[in-house]
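1. This is a predicted model, with the sequence first.
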Amino acid sequence: MNSEVGHPREYGVLLPHFGERAGREALLDGALLAESAGFDAVWVRDHVVFHPHHHEGQDRTFVDPFVVLSAVAAVTESITLGTGCLIPHRHPVHTALLLGSLAKIAGSDRVIVGFGLGSFDHEFEIVGMGGWDRRVVIEEQVEILRKMWTGKTVSHDGEYYEFSDADIHPTPQRNNLPIWYAGTSLASVRRAAEYCDGWMPGRMPRRSFKNRVQRLAELAHKAGKPMPATGVIPYVSPGKTKGSAVSTFDLGGLIEEARNRYTRPDGGEITELEDLDGALIAGPPEQIASEVLAYHDVGCDHFIFDLRLRFHDWLETLQMIGEEVVPLLRRESAW
């Protein structure tokens with residue numbers, strides 16, 4: 001990763017625990033393949049009531065992230081287990097116990113806690129949190145997690161949570177697990193610098209990512225804190241040619257979605273793959289490696305391959321990335 005701030009370059013992959021392809025074989029065989037192929041981490045998402053984006057499959061299957069990571073922890077030895085990201089719809093004492101338990105099974109040094117506000121109001125309304133200010137909720141939850149992970153008896157009197165004489169066991173061996181704030185806004189960068197250990201947006205053009213990382217560095221320096229780790233999770237579709245890589249998904253639909261989220265620096269329309277500036281990467285292994293390295297050049301530490309556009313040939317796609325892309329990235333990083 002960014003060697004100037006002490007973070008190595010690492011590579012993760014989002015597991016197919018949602019949609020019609022989610023299942024035991026895909027998850028466990030994929031995790032084992034990812035570990036043997038030299039990936040550093042596997043990642044999961046979080047939902048209560050899953051409503052897919054319009055551009056992806058509409059099957060609403062969603063396997064709980066803690067179930068997935070526990071199963072993966074049981075069959076792997078060293079690969080990092082990341083949440084990209086948890087949303088704050090659980091009670092924080094329960095979340096602290098779930099994460100402490102995962103760290104007990106997997107090993108504390110294998111867990112990264114990505115935490116974000118969540119995008120869908122209906123999920124919070126369903127669990128009785130409709131109308132809660134999630135910006136306040138998530139900061140309070142992070143505070144509670146860190147208190148609970150000390151293993152001491154804890155009391156808390158906050159805006160949304162109040163309890164006395166609570167403790168959980170097991171706790172992470174190193175007391176605190178790394179918490180990365182997930183979001184794309186400038187406010188998410190500020191929150192990451194204020195009370196988290198990393199910052200991780202989802203799909204984001206490199207030009208925007210670069211600006212956000214620069215702001216993160218400024219805020220961390222001003223606060224006298226170490227530079228947080230940084231990650232990014234673009235869509236990736238490999239193929240022997242660009243044409244074969246693009247033919248497997250609805251590029252037009254994704255471009256249309258991107259027009260509503262991003263703007264080009266010159267104010268022009270987003271009309272083709274290249275205009276997405278890395279938010280969607282498709283092509284042969286050499287092209288994908290080049291695009292990933294370009295993210296490293298603007299400050300990305302941990303690049304996560306979101307292969308959901310290729311879950312229909314998940315293991316083959318994962319193997320192509322592991323055998324043909326990751327070695328290129330390792331080679332470039334060693335020079």
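-> Received the coordinates, thanks.

2. Mind telling me what element the residue most central in space within the chain is part of?
-> Of all residues in the chain, the one closest to the mean position by Cα atoms, centre = their mean is Gly84, 2.9 Å from it. Per DSSP states H and E, Gly84 falls inside strand 80-86.

3. and the helix or strand just after that strand, which residues are buried?
-> Using DSSP H and E, the helix or strand that follows strand 80-86 in sequence is helix 92-106. Neighbour-count burial for helix 92-106 flags 92-93, 95-103, 106 (criterion: 16 or more other Cβ atoms under 10 Å). Where C-beta positions appear, they are placed from N, C-alpha and C, glycine not excepted.

4. Give me the helices and strands touching helix 92-106, please.
-> helix 65-75, strand 80-86, strand 111-116, helix 134-148 (3 or more Cβ pairs under 8 Å, 6 or more residues apart in numbering; DSSP states H and E).

5. returning to what we had before: I'd like the average pLDDT over the strand holding Gly84.
-> Averaged across strand 80-86, the pLDDT comes to 97.

6. in its sheet, what does it sit against?
-> Strand 80-86 pairs in its sheet with strand 41-44 (parallel), strand 111-116 (parallel), by DSSP bridges.

7. Reformat those strands into a markdown table and put mean pLDDT next to each item.
-> Shown next, in a markdown table, are the strands paired with strand 80-86 (pLDDT from 0 to 100):
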| stretch | mean pLDDT |
| --- | --- |
| strand 41-44 | 98 |
| strand 111-116 | 97 |
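
8. Can you add distance to Tyr235 and mean neighbour count and give the ones you listed back as JSON lines?
-> Shown next, in JSON lines, are the strands paired with strand 80-86 (distance: least, Cβ to Cβ, whole Å; neighbours: other Cβ atoms under 10 Å):
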{"stretch": "strand 41-44", "distance to Tyr235": "14", "mean neighbour count": "25"}
{"stretch": "strand 111-116", "distance to Tyr235": "17", "mean neighbour count": "25"}
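
9. Out of these, flag the one nearest Arg308.
-> Proximity to Arg308 (Cβ to Cβ) singles out strand 41-44 among the strands paired with strand 80-86, at 11.6 Å.

10. what does the closest one contact?
-> Residues from elsewhere that reach strand 41-44 (Cβ atoms under 8 Å, 6 or more residues apart in numbering): 10-15, 17, 30-31, 34, 65, 68-69, 72, 79-84, 112, 114, 233, 302, 304.

11. sorry, back to before: so which of the helices and strands packed on helix 92-106 comes closest to Asp266?
-> Per Cβ to Cβ, nearest to Asp266 of the helices and strands packed on helix 92-106: strand 111-116, 30.4 Å.

12. Quick one: mean pLDDT for stretch 206-215?
-> On average, stretch 206-215 scores 97.

13. Give the buried residues for that stretch.
-> Applying 16+ other Cβ under 10 Å to stretch 206-215 flags 206, 208-213 as buried.

14. Contacts only, for the closest residue to Thr76 other than its chain neighbours.
-> Once flanking residues are discounted, Thr76 sits nearest to Glu35: 5.0 Å by Cβ to Cβ, 6 or more residues apart in numbering. Neighbouring residues of Glu35 by Cβ under 8 Å, 6+ apart: 76-79.

15. how about 7 Å then?
-> Counting by Cβ atoms under 7 Å, 6 or more residues apart in numbering, Glu35 touches 76, 78-79.

16. now swap in Lys152 and tell me
-> Going by Cβ under 7 Å, 6+ apart, Lys152 touches Asp167.

17. again, but for Lys242
-> Lys242 makes contact with 282-284, 287 under the criterion Cβ under 7 Å, 6+ apart.

18. Farthest pair within the residues you listed?
-> Checking those with Cβ to Cβ, the most distant pair is Ala282 and Pro284, at 9.4 Å.

19. the more surrounded of these two?
-> Neighbour comparison, Ala282 and Pro284: the larger count goes to Ala282, with 26 against 18 (by other Cβ atoms under 10 Å).

20. Doesn't that one lie inside a strand?
-> Yes - counting by DSSP: H, G, I helix; E, B strand; the rest coil, Ala282 is part of a strand.

21. so it touches Ala245, yeah?
-> Yes - counting by Cβ atoms under 7 Å, Ala282 touches Ala245, with 4.1 Å between them.

22. Show me whatever sits in contact with both of these two.
-> Common contacts of Ala282 and Ala245 (Cβ under 7 Å, 6+ apart): Ser237.

23. these two touch, right, Val111 and Leu177?
-> Yes - Val111 lies in contact with Leu177 (Cβ under 7 Å); the separation is 5.2 Å.
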